[in-house]
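Trainee: model the structure of this input:
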Amino acid sequence: MKFFIAVIIFFNGQINPNIYTYQYAAFSKMNVCNAFIEKNADIVEQSIEEQFSSDIINNKMIACMTAQEIDKLSKQTQGEKWQQQKHT
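Mentor: Numbering: from 1, shown residues only. Below you'll find the predicted structure:
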């Protein structure tokens, strides 16, 4: 099983998060992935700040997740966005 670094961002005014992954980072063990995040927290944080202004980010989380977990979360948030639009 592979683990990926997922960056989950709530932008200002958003109810549902945007989910991003580090494209070239994949790990075969969860503890190795978590250790990478911990060791490189400053670099990971800096790369997020270079891509998105901190003024527009309400909250964020960086986590190790499998592709299946990322897909499930993405589908849940997309479904919630669709339901909100439908009811509006």
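Trainee: tell me how far Gln68 lies from Asn16.
Mentor: Separation of Gln68 from Asn16 (Cβ to Cβ, to the nearest Å) stands at 19 Å. Heads up, the C-betas are built off the backbone N, CA and C, glycines and all.
Trainee: which one of these two has more residues nearby?
Mentor: Between Gln68 and Asn16, counted using other Cβ atoms under 10 Å, the more crowded position is Asn16 (14 against 9).
Trainee: what is the burial count for the residue nearest to that one when sequence neighbours are not counted?
Mentor: Spatial nearest neighbour of Asn16, excluding adjacent residues (Cβ to Cβ, 6 or more residues apart in numbering): Thr77 at 4.3 Å. Here the number of neighbours of Thr77 (other Cβ under 10 Å) works out to 17.
Trainee: which strand residues bridge Ile9?
Mentor: Beta-bridge pairing for Ile9 (DSSP bridges): Asn18, Lys60.
Trainee: OK, contacts around it?
Mentor: In this structure, Ile9 makes contact with 17-20, 48, 52, 57, 59-60, judged by Cβ atoms under 8 Å, 6 or more residues apart in numbering.
Trainee: buried ones among these?
Mentor: Buried residues within the contacts of Ile9, defined by neighbour count using 16 or more other Cβ atoms under 10 Å: 17, 19-20, 48, 52, 57, 60.
Trainee: could I get the residues you listed as CSV with pLDDT?
Mentor: Below are the buried ones among the contacts of Ile9 laid out as CSV (pLDDT from 0 to 100):
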residue, pLDDT
Pro17, 91
Ile19, 93
Tyr20, 91
Ile48, 90
Phe52, 90
Ile57, 94
Lys60, 94
